[in-house]
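[1] with the input below, show me the fold.
(5 chains)
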Amino acid sequence: MKLHRSIADRVEPVGETKPLSYSYWLGTFVLRGSVLPRILPDVVGFGLLAAAMVFISQFVAKHYEVSLAMPARPFEVAGTVLGLLLVLRLNAGYDRWWEARKLWGGIVNESRNLAIAGLAYGTEDQQWRAQFIKWVAAFPHVTRRSLRGERCVPELARLLTSQQIDWLKSNEHMPDAVSRRIASLLHDARRNGMNGFAFQEAERQRSLLIDYLGGCERILKTPLARSGAIQVRQFIFLLLAFLPLSLMQDFEGTLFAAFWGASASHRVWLVPLFIMILAYMLLALDRIGMELQNPFDTRRVDFLPLDGICTTIEKNLLELLHDDNLHDYSAPMV
Amino acid sequence: MKLHRSIADRVEPVGETKPLSYSYWLGTFVLRGSVLPRILPDVVGFGLLAAAMVFISQFVAKHYEVSLAMPARPFEVAGTVLGLLLVLRLNAGYDRWWEARKLWGGIVNESRNLAIAGLAYGTEDQQWRAQFIKWVAAFPHVTRRSLRGERCVPELARLLTSQQIDWLKSNEHMPDAVSRRIASLLHDARRNGMNGFAFQEAERQRSLLIDYLGGCERILKTPLARSGAIQVRQFIFLLLAFLPLSLMQDFEGTLFAAFWGASASHRVWLVPLFIMILAYMLLALDRIGMELQNPFDTRRVDFLPLDGICTTIEKNLLELLHDDNLHDYSAPMV
Amino acid sequence: MKLHRSIADRVEPVGETKPLSYSYWLGTFVLRGSVLPRILPDVVGFGLLAAAMVFISQFVAKHYEVSLAMPARPFEVAGTVLGLLLVLRLNAGYDRWWEARKLWGGIVNESRNLAIAGLAYGTEDQQWRAQFIKWVAAFPHVTRRSLRGERCVPELARLLTSQQIDWLKSNEHMPDAVSRRIASLLHDARRNGMNGFAFQEAERQRSLLIDYLGGCERILKTPLARSGAIQVRQFIFLLLAFLPLSLMQDFEGTLFAAFWGASASHRVWLVPLFIMILAYMLLALDRIGMELQNPFDTRRVDFLPLDGICTTIEKNLLELLHDDNLHDYSAPMV
Amino acid sequence: MKLHRSIADRVEPVGETKPLSYSYWLGTFVLRGSVLPRILPDVVGFGLLAAAMVFISQFVAKHYEVSLAMPARPFEVAGTVLGLLLVLRLNAGYDRWWEARKLWGGIVNESRNLAIAGLAYGTEDQQWRAQFIKWVAAFPHVTRRSLRGERCVPELARLLTSQQIDWLKSNEHMPDAVSRRIASLLHDARRNGMNGFAFQEAERQRSLLIDYLGGCERILKTPLARSGAIQVRQFIFLLLAFLPLSLMQDFEGTLFAAFWGASASHRVWLVPLFIMILAYMLLALDRIGMELQNPFDTRRVDFLPLDGICTTIEKNLLELLHDDNLHDYSAPMV
Amino acid sequence: MKLHRSIADRVEPVGETKPLSYSYWLGTFVLRGSVLPRILPDVVGFGLLAAAMVFISQFVAKHYEVSLAMPARPFEVAGTVLGLLLVLRLNAGYDRWWEARKLWGGIVNESRNLAIAGLAYGTEDQQWRAQFIKWVAAFPHVTRRSLRGERCVPELARLLTSQQIDWLKSNEHMPDAVSRRIASLLHDARRNGMNGFAFQEAERQRSLLIDYLGGCERILKTPLARSGAIQVRQFIFLLLAFLPLSLMQDFEGTLFAAFWGASASHRVWLVPLFIMILAYMLLALDRIGMELQNPFDTRRVDFLPLDGICTTIEKNLLELLHDDNLHDYSAPMV
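    Next comes the predicted model:
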């Protein structure tokens, strides 16, 4: 029991992301996780642009008696279509993010399955068993660091000897090397009498790990179709730049229908505020859609908690190895 | 036949969720399963906020002769886009919920397949057969409790000896331990002459159980992308807080187009009622989308009937074991 | 050739559902397959409710000089969002329905594959071959009846002896028992020299049958998330109950813009007609979404033609068995 | 090289469908592939109906001084929801069409894989190799004809002897019989020393061919849910039949706001033209959704180019067989 | 280490597509990747058409006193439905594009897995190992060129002898021939003592490469359903050709509501500008949807970076081969 505790202690737990509160009011004005700070400059930029449009329009109307006001109708249809585009892109971004999470779920599953298969059907040799579990536990750590472009994997010190770590770092593509090493350990086991059928299942699980790694690299290296993203941003610009000319009229329209006269010329200056609220909505959707594209980078607002996942895998695997030493699974218990 | 009955009696049946009535009127005013009680305080909060907005607006208009009324057009587009966002989030939540149900469907299928394979191709040893079926039947119970964060699994008393239960509880990750135990039983069978090909299929089914368990843990531990959820709530706030300033005008507009004059000033107080109805719709969509995220928690409004599923698996498996003792499957019947 | 014909005759063909005519006009006013008769009472109910709302509103306006008329704008946005919700729910219902059809397609495929594998790689024993084909052909019939909650399977009389049928009925979960029996026949074949690799493929196909059966049971026992369904119905109620107060105004508006005066007070009574048309659309979408949830029940409007599917499987399998007796597949034909 | 050419000559190439031009203007007024000719009568029908509605309405207004004009608002929401329904149904139809294409892609892949496996791992016997390739190449042809309800397969004359073709035609379900024959050839190879593991992969690929065939039959025999299709058509009727009463008013409204007076009574006759344009859009969406349901029938507007696909498979397979005779694959080349 | 470097040097790296900047303003006015240059002529064409419509309308109104002005309402609904159609088609195009990327991801994964399996479980013969890795590395290059309709594959000079390249070019379908060659190498290994279970996994991975190749050919040869694409373009034409007649009125409406008079007749000429902005949006969506259909062609705006992917596979595989010579994987490291 002491050994067990000592293993659990060596693996520090990493906090899971807390889910948002179910109650509406408690979960609305949260700043952590909001993209507001990231898009604030762009939103202010659109506010200034709108103010400039209003000023120019007022100036031209006064001095040249030319109205730049525009009808609102075309903006309504364009706004709906643009909203649809942004929402569907957000959805596509979310699907990528969820696919990345699924791929990591697959890494969790196959690591566990490999460990269970190795302990149940592998060789009886204690050293082989420990080595096998540790190399399998090393795979997620190496993969995570590789996806983040890091070559330094401090977690390995808990699992491998410094000699092994040096060898691993001499390989350019480190996850491939770990997988190659696991294949080699399976080959040893097969030669030392591991059941062929169980060997095949384990080999299949090892190749699935490569598949999941490849899936993550695909998501990392292939941004969403560029042309669509550029187009959406140009549509946002066209909409937000010309909308003030139409809104101006709406505010003036409400002006003449009511019976206040003095405050009329001031109300038109509410237009930039309106534009900023709208820009906030559109740019937030655009930004979240962009940020969801790279779920592995910790600088992104919705990055996946890969540190926690890898540590959990390691803990579960070491526990299986530990229990394996204590229990005798092969004798039927009554 | 008596033994059969006694098995069926030991497993108490758990009621399935009744589907909603097909007829519209009978299925509308159901309270059980509605989120109304859960969001009522938030809805009332928005009603009060709207009343305050109307009061402030009236006060400012009277004393400072400044109109805070806003044009309605921008709210229409924003409302449509927000509706789209909420509906798509509801859809994403429903997809998660359905994926969780599919994963449990997979646990049902592979439990059955493992049991059929164990009885058809395993060893002839009666004790091994009983043990195998019982450990397979234990897996869903342990998984369900584990997903709910419980370590106490009273259902196991029907299947395992107290010694076995104690051993199981000494493992931190209990479903892993059950799967490890099943692997060990398969290993025994293989060594005692189980057909290698059948063994491989059974091993594949065992590893699928781990995959499904991993899928459930993934859904449990990964809430929907936080940033999107926060943004949606902020959009709801912006819409519902400023909409009264626009609606006020609509109600006044209808006022002057009609020929009643006296009741005019009263009608504007219908605005908070309107806002509350709208808030009910928006918050209900938001809340259901949130609640669908964790389909395993019995406190959520649409939790999956896992108790019933696990009991059904247990019943079917014990029936297969029971019939196995009565019939001789290996002889061709004429 | 006579035997062939006699087999084909014993299996009565069941008519497939005719697809709708491609031409628009020929396929519009079809009553069979329409949900109109099923929702007519609910539609009439909403018509009466609308008439009551109009009467109350007219009465209050006349006697108390209080207008209950409402602005139309909020209803437009709410109507669009509600329409979106209903259409997406219809889509989700259709996806379930199509998934059920796919599962049955899988049962068709694996039954065929099992039969081809059994005849090509199984034992040479004529009795084993006939038994194997017949038990595989029995699986779809038993599954279909089980999904409909029936325990009486008259089709089995064409395939099994009455002794076998009695045994089958002594099992509570009949499809499990058939699958168990097929596994046992495969076990016999393997022991009598069936190729191990071919055995493994056949075993995999047998376990796929259980997977598809489990998928169907999942669809049958898990209605769409309750809370969403209730919410949609409450939204429909809110919309249809308050819309008359807004439509009233529209009809009066058109009244004053035109130059007829006398018929004005009568036109408002067109409102209930309008509400009924709208109710027809909304309730039809709601109802079809509900009915698609259980594609196995013949009382539902779009039930799957399972009788035809099962009979076709049986016919194809018996044909394979019949040809097997006539042809010598193993000798290369020139 | 001469033999190679002679094989290629015997298989006549079938033209692929040309993709639409990328440039907008060049790809708009194409008649081939448009559904316009197919729905023209229905569109004209709605035009006549609209003219009748306008005439009746004018007549009633003149003689009885009763306005049948309707407000436009409800039509906007209904039109949006109907558009959504039609677009989503089009999407569902497209998904079916793409699924059918995927299934045929699977037939291409597994035919190739079977041929490569047969040549690489099968027996050395030249006759067996030729027979195996030819029966595999026959499968797609037989499947295509079977999906179109044809029993005459002239392409088989290039592959099989007339004796073999006669035997094939004596089977009711011809693709099943071809698959049974391939299984029998694999059985021969296995008995003559084919590697068991390679045999298993080939057997798996053979059973995948049956799966893809079954998938195609599923799409062919299961039209989209009937009730939804009927409902959509009734909604189209309701919208297009009553819309003239609302449009009439719009055209008159523009009339009185402008300063032309004489042409006023003529402009209302533009309404049927409008209705026809709208009917063209709605009926085209409905029709394409219907036509996409059966992608195998050459009378449908978007049928899949199965003739070309089957001929390509045949050509590739015969090339593999031909090269097999020329090259010695088993010796390592330097 | 020198050899390693020399391998890495021989494979020139190909730049990945840079993802768009996260910040809005920096990523909006990018020309590379925008479809603007490709659709500019079509957009200008619609501008001219709109100008002609306005001119004709003005001319007719002046000389014949007949107003061609149209109400705006029908255009709103039609515009929303058309926007929905275009956005969903864009989505379908994006799904194809992503599916193509996934298929190439699969080629990456299975190439790696084949290489790892070949080195871990294949024969000890150094020449076999080098040949195997090089033929696997040749597959992606040959596939990429084949998808682009090119028969010249200069990259092969780095991997194969000129004799081998000549032989390869004598085959019409080159990827099939490479796959056939890999199968033959596996056959050699199996005969020289390669583990049967490992052989089967490798054979499965080889057949997956053919599946992915087939998937790419399916996407290449099957454009999106033609009829839908034609219809969408006709709808765009109808909308953009008749919209000027409605917009004209909107601009005039704003004219009379304001107090400028002189500039009135000039403002109507803003209509073509409006139409061009709208045409830009619609045609951009149409064009991107079309261009996404062929992700393999480097002339398309969003083509996949296949050159980089293939070079990366080659580099990783050669590194595995190189390391294999240096390290002794089979001995357990301490």
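[2] centre of the chain to the helix or strand where A:Ala138 lies, how far?
    Here A:Ala138, judged by DSSP states H and E, is contained in helix A:126-147. In this view, helix A:126-147 has its centroid 24 Å away from the chain centroid, taken as Cα atoms, centre = their mean, to the nearest Å.
[3] using CSV, write down the CA coordinates of it.
    Taking C-alpha atoms only, helix A:126-147 is exported to CSV below (Å, rounded to 0.1, in the frame of the first residue of the first chain):
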residue,chain,number,x,y,z
GLN,A,126,8.9,-8.4,-14.4
GLN,A,127,11.3,-6.1,-16.2
TRP,A,128,9.5,-6.4,-19.5
ARG,A,129,6.2,-5.6,-17.8
ALA,A,130,7.5,-2.5,-16.1
GLN,A,131,9.2,-1.3,-19.3
PHE,A,132,6.1,-1.9,-21.4
ILE,A,133,3.8,0.0,-19.1
LYS,A,134,6.3,2.9,-18.8
TRP,A,135,6.8,3.3,-22.6
VAL,A,136,3.1,3.2,-23.1
ALA,A,137,2.6,5.9,-20.4
ALA,A,138,5.4,7.9,-22.1
PHE,A,139,3.5,8.1,-25.4
PRO,A,140,0.8,10.6,-24.4
HIS,A,141,3.4,13.0,-22.8
VAL,A,142,5.6,12.9,-25.9
THR,A,143,2.7,13.4,-28.2
ARG,A,144,1.4,16.4,-26.3
ARG,A,145,4.7,18.1,-26.2
SER,A,146,5.3,17.3,-29.9
LEU,A,147,1.9,18.9,-30.8
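[4] and the angle for the helix or strand following it with helix A:126-147?
    Downstream of helix A:126-147, the next assigned helix or strand under DSSP H and E is helix A:162-169. Calculated by axes from the mean of the first three to the mean of the last three Cα atoms, to 10 degrees, helix A:162-169 forms an angle of 40 degrees with helix A:126-147.
[5] flag the shaky bits of chain A, pLDDT-wise.
    Low-confidence segments of chain A, defined by pLDDT under 70: A:1-20, A:26-27, A:30-33, A:65-67, A:225, A:249-267, A:325-334.
[6] what's the longest helix in it?
    Under DSSP state H, the helix in chain A containing the largest number of residues is helix A:73-121.
[7] that one near chain B anywhere?
    Yes. Helix A:73-121 reaches chain B (Cβ under 8 Å from any Cβ of the partner chain) through A:75-76, A:79-80, A:83-84, A:86-87, A:90-91, A:94, A:97, A:101-102, A:104-106, A:108-109, A:112-113, A:116-117, A:119-121. (Glycine included, C-beta is placed from N, CA and C.)
[8] also stretch A:283-294?
    Yes. Counting by Cβ under 8 Å from any Cβ, chain B is contacted by stretch A:283-294 at A:284-285, A:288, A:291-292.
[9] related to what we said a few turns ago, what angle separates the longest helix of chain A from helix B:73-121?
    Taking the same axes, to 10 degrees, one finds that helix A:73-121 is oriented at 20 degrees with respect to helix B:73-121.
[10] next, A:Tyr22: secondary structure please.
    For A:Tyr22, the assignment made with DSSP: H, G, I helix; E, B strand; the rest coil gives coil.
[11] host element of the nearest residue to it once chain neighbours are set aside?
    Nearest residue to A:Tyr22, sequence neighbours excluded (Cβ to Cβ, 6 or more residues apart in numbering or on different chains): B:Met290, at 5.3 Å. Using DSSP H and E, B:Met290 falls within helix B:271-291.
[12] and that helix, which residues are buried?
    B:271-272, B:274-291 (16 or more other Cβ atoms under 10 Å in any protein chain shown).
[13] show me the contacts for the residue nearest to the spatial centre of chain A.
    Centroid-nearest residue in chain A: A:Pro295, 2.2 Å away (criterion: Cα atoms, centre = their mean). Contact analysis of A:Pro295 by Cβ atoms under 8 Å, 6 or more residues apart in numbering or on different chains lists A:96-97, A:100-101, A:219, A:302-304.
[14] can you report phi and psi for it?
    As for A:Pro295, its main-chain torsions (degrees, to the nearest 10) stand at phi -80, psi 0.
[15] what of the one 3 residues further on?
    The phi and psi torsions at A:Thr298 (degrees, to the nearest 10) take the values phi -70, psi -10.
[16] try the one 5 residues further on
    With angles defined as degrees, to the nearest 10, A:Phe303 shows backbone torsions of phi -60, psi 150.
[17] and A:Ser170, by the same measure?
    With angles defined as degrees, to the nearest 10, A:Ser170 sits at phi -70, psi -10.
[18] enumerate every residue touching the residue of the stretch 201-334 of chain A found nearest chain D.
    Using Cβ to the nearest Cβ, the closest approach of the stretch 201-334 of chain A to chain D is made by A:Glu203 at 12.5 Å. A:Glu203 is in contact with A:183, A:186, E:117, E:197-198, E:201, counting by Cβ under 8 Å, 6+ apart.
[19] show me which of these is closest to chain B.
    Distances from chain B to the contacts of A:Glu203, taken by Cβ to the nearest Cβ, are shortest for E:Phe197, at 9.3 Å.
[20] pull the number of nearby residues for that closest one.
    The number of residues packed around E:Phe197, counting by other Cβ atoms under 10 Å in any protein chain shown, is 22.
[21] tell me the contacts of it?
    With contact taken as Cβ under 8 Å, 6+ apart, E:Phe197 is in contact with A:190, A:196-197, A:199-200, A:203, D:197.
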